[in-house]
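S.K.: Have a look at this prediction, sequence included:
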Amino acid sequence: MTIPKAYVPTHPELFVVEFQPGNFASRLVSLKSFEAKETIARISRFTRTPHAAYHTVQCGSALGDNIELHSDLVYVNHSCEPNVAFDLSSKDTSQWHVRALKQVKAGDPLTFFYPSTEWKMAQPFDCLCGSKTCLGRIEGAFILSAEELSSRGFVNPWIWTQLERKANKPRVE
Ligand SMILES: [Zn+2]
């Protein structure tokens, strides 16, 4: 396990980052247990960025509504059956938080459903989560149905807005 030289844990009492060689193979493991619906951490260290990238998180439906996370939360990987939600639904950014969607035990890797924030991913990828309902290719919410989205426990409001907008768009013949 190689730890990047400049790395400093941001939530040493809550998580540990398991660094793995290779792109996006590292993961965030919980050091504590959480009940479903319990808030795990506030999303407090971030900056806005106009450019969506693999590691940015969408925070609204306008162009440029993305944030860059400057904390260990950036290591939460995608799963099609996630155990946490990234809830950025409040207008008050101090309310943005990560919460458990189901019971999380100490030692569990934390995962969230990337299309619950991302309409169209900057970098689509093939999911290897291994869950029964795995969607395979993860490209964002824009190719998913309302059912495929709502079955993941939590989806941010702008995704529903964008889905509605897409459904109401007059078809060009
Ligand atoms: Zn999957």
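M.R.: Done, it's in.
S.K.: Pull up the residues of this structure that are close to the ion.
M.R.: Residues of the chain lying close to the ion by CB under 5 Å from the ion are 80, 127, 129, 134. No exception for glycine: its C-beta is placed from N, CA and C like everyone else's.
S.K.: got a list of contacts for stretch 22-29?
M.R.: 15-20, 54, 72-73, 75-77, 107-110, 125 (CB atoms under 8 Å, 6 or more residues apart in numbering).
S.K.: ok so, going back, now intersect the residues of the chain next to the ion with the strands, please.
M.R.: Among the residues of the chain next to the ion, no residue falls in strands (DSSP state E).
S.K.: Pick out the one among those residues with the largest number of neighbours.
M.R.: Compared across the residues of the chain next to the ion, residue 80 has the highest neighbour count, 21 neighbours, by other CB atoms under 10 Å.
S.K.: What separation do you get for that one and residue 32?
M.R.: 24 Å (CB to CB, to the nearest Å).
S.K.: again with residue 73
M.R.: According to CB to CB, residue 73 stands 15 Å off from residue 32.
S.K.: circling back to that earlier point, would TSV of the residues of the chain next to the ion with distance to residue 150 and pLDDT be doable?
M.R.: Below are the residues of the chain next to the ion laid out as TSV (distance: CB to CB, whole Å; pLDDT from 0 to 100):
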residue	distance to residue 150	pLDDT
80	13	98
127	18	96
129	18	94
134	17	97
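S.K.: Out of the residues you listed, which is nearest to residue 149?
M.R.: residue 80 (11.3 Å; CB to CB).
S.K.: my read: that closest one touches residue 113, true?
M.R.: Yes - counting by CB atoms under 8 Å, residue 80 touches residue 113, with 6.8 Å between them.
S.K.: For these two, list the residues in contact with both.
M.R.: residue 152.
S.K.: Who are the packing partners of the top helix by length along the chain?
M.R.: Criterion DSSP state H: the longest helix present in the chain is helix 157-168. With contacts defined as 3 or more CB pairs under 8 Å, 6 or more residues apart in numbering; DSSP states H and E, helix 157-168 has these neighbours: helix 146-150.
S.K.: Check which residues of the helix it packs on are buried.
M.R.: Buried residues in helix 146-150, defined by neighbour count with 16 or more other CB atoms under 10 Å: residue 149.
S.K.: Ok, stretch 70-81 next?
M.R.: 71-81.
S.K.: Quickly note the distance from residue 158 to residue 61.
M.R.: The spacing between residue 158 and residue 61, counted by CB to CB, is 4 Å.
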